[in-house]
Structure formats: structure tokens, C-alpha cells
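Novice: A structural model of the following input is requested.
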Amino acid sequence: MNWSVAPYFFVSDVVLAANFYRDMLGFHYERFWGDPPAFCMVKRGGIVIMLSAPEGGGRPHPNALDDPEGAAWDAYIWIDGKADQLAEEFRSRGVKLEREPCDQEYGCRDFEVLDLDGYRLCFGQDLEG
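Specialist: Numbers count the residues shown, from 1 in each chain. Below is the predicted model:
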């Protein structure tokens, strides 16, 4: 049985958010839903993140709003390959890393970035695999 998950993020502007994921993080998207655009799914390497600007003014609510230390991730993304290489790709696109790649006690090497709305994404490789 194969399982997958797609985080659903409320964003302030779907087009700006989708273009950030495309241009800065290397995701792609096929289309927007709504007029004006209110929903988009960005994809990379089997990962899907749903971006929504709900009618009536829903607003972004990253976990950091409820975690003053900013330690809670909104999504942890396991990657094939090396975290250092992906971090370098992101840097070359102009992304500021919130935390540089480092080995963790839970057996992963990972790093963190924030998207335009403050969602904290952690990208990590399994060191044991």
C-alpha cells in the first residue's frame, strides 16, 4: 500500500506563492483554479503542496504563529539525494536558508526554509538509508 500526503496552506496570494515555489524551490504547477486565482497545487519529486486563498479572506497560519521559538515545521519533506546539494540549489536561486544543513539525532541531515507566507519547510535526507 502506498500512502502520500499533501499539506494545505492558506496563503495571502496564490499566484505569488505558486511562483515562489516554482522559481525559488523548483516546484511546478499546471494551473490555477478560480477567478481570481484561489487555489493551486505545486509539485516536485512526488510532493504536492496545496495553496489556497479562501474566499472571504482566510489568512496564512504557519505553525510559527503558535510556536514563539519557531521550531515547529509546517512540512517535513524527505528527499532522495543529498540535503547539501538541494540546499546549494536553493541558494543559487536566491533562497535564504533559515537553518543550514546539519545532521540530526533522529538520523536525518536536513535544513529549513520559509516560504513567502512564513510556512517553515524542512528538507531532509535519511542518513541510514
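Novice: what segments of the protein are helices?
Specialist: 14-25, 83-92 (DSSP state H).
Novice: tell me which of those helices is the most buried.
Specialist: Neighbour counts (mean count of other CB atoms under 10 Å) averaged over each of those peak at helix 14-25, with a mean of 18. The C-beta positions use only the backbone N, C-alpha and C, and glycine is treated the same way.
Novice: show me what that one packs onto, helices and strands only.
Specialist: When contacts are defined as 3 or more CB pairs under 8 Å, 6 or more residues apart in numbering; DSSP states H and E, helix 14-25 packs onto strand 32-33, strand 39-44, strand 47-52.
Novice: the shortest one pairs with which strands?
Specialist: Looking at strand 32-33 with DSSP bridges, its partner strands are strand 39-44 (antiparallel).
Novice: in the partner strand, which residues are buried?
Specialist: F39, C40, M41, V42, R44 (16 or more other CB atoms under 10 Å).
Novice: kindly reformat those as CSV containing pLDDT.
Specialist: Shown next, in CSV, are the buried residues of strand 39-44 (pLDDT from 0 to 100):
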residue, pLDDT
F39, 96
C40, 98
M41, 98
V42, 98
R44, 97
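Novice: what about this protein, any weak spots by pLDDT?
Specialist: Across the chain, residues meeting the criterion (pLDDT under 70) sit at 56-57, 70, 129.
Novice: let's go with 80 and repeat that
Specialist: Applying pLDDT under 80 to the chain flags residues 1-2, 54-58, 67-71, 129.
Novice: one step back: closest to D103 out of the buried residues of strand 39-44?
Specialist: Taking CB to CB as the measure, D103 sits nearest to R44 out of the buried residues of strand 39-44, at 23.7 Å.
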